[in-house]
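*Asks:* Next comes the sequence, and after it the predicted model I'd like to discuss.
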Amino acid sequence: MSSGKVLLGVLAGVAAGALMGILFAPAKGTVTRKRLSKKGDDYVEDMKEKFNDFMEEIKEDFDEVKEKVTDFSKDGHAKAEGAKAK
């Protein structure tokens, strides 16, 4: 299972739990709406942060693979040049 799917599942569970807690708590409608709005904003910020972290990980992995491919290509080129010289 990919880390993206796990992260999405965890965040969806947390959001659903918080929403249920707020909706079933005894409070006035205006207070509940303000709480929902604040929680929504908090979750959006949290999701943005987690998404940025995830994208940074992807970028690092891509850069690592790119470097390995470049090294592999250089090694192959050097071997081909060595074979031509013989």
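*Replies:* Nice, thanks for sending it over. Residues are numbered from 1 along each chain as shown.
*Asks:* and Pro26, how many neighbours?
*Replies:* 6 (other C-beta atoms under 10 Å). C-beta coordinates here come from the backbone N, C-alpha and C atoms, glycine included.
*Asks:* Does it belong to a helix, a strand or coil?
*Replies:* coil (DSSP: H, G, I helix; E, B strand; the rest coil).
*Asks:* In contact with it: list those residues for me.
*Replies:* Pro26 makes contact with no residue, according to C-beta atoms under 8 Å, 6 or more residues apart in numbering.
*Asks:* one more time with 10 Å
*Replies:* Contact analysis of Pro26 by C-beta atoms under 10 Å, 6 or more residues apart in numbering lists Thr32.
*Asks:* lowest-confidence helix or strand of the protein?
*Replies:* Sorted by mean pLDDT, DSSP states H and E, the helices and strands of the chain end with helix 3-24, the least confident at a mean of 80.
*Asks:* Can you name the residues in contact with that one?
*Replies:* Contacts of helix 3-24 (C-beta under 10 Å, 6+ apart): 1-2, 31-33, 35-36, 38-40, 42-43, 46-47, 50-51, 53-54, 57-58.
*Asks:* Just the buried residues from those, in ChimeraX please.
*Replies:* The ChimeraX selection below is limited to those of the contacts of helix 3-24 classed as buried (16 or more other C-beta atoms under 10 Å):
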select :35
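*Asks:* what is the mean pLDDT for stretch 38-58?
*Replies:* Averaging pLDDT along stretch 38-58 yields 89.
*Asks:* nearest spatial neighbour of the most centrally placed residue in the chain, skipping sequence neighbours?
*Replies:* With distances taken as C-alpha atoms, centre = their mean, the residue of the chain nearest its centroid is Phe54 (2.9 Å). Once flanking residues are discounted, Phe54 sits nearest to Gly4: 6.5 Å by C-beta to C-beta, 6 or more residues apart in numbering.
*Asks:* how near is the one you found to Val10?
*Replies:* Per C-beta to C-beta, to the nearest Å, Gly4 is found 11 Å from Val10.
*Asks:* Thank you, goodbye.
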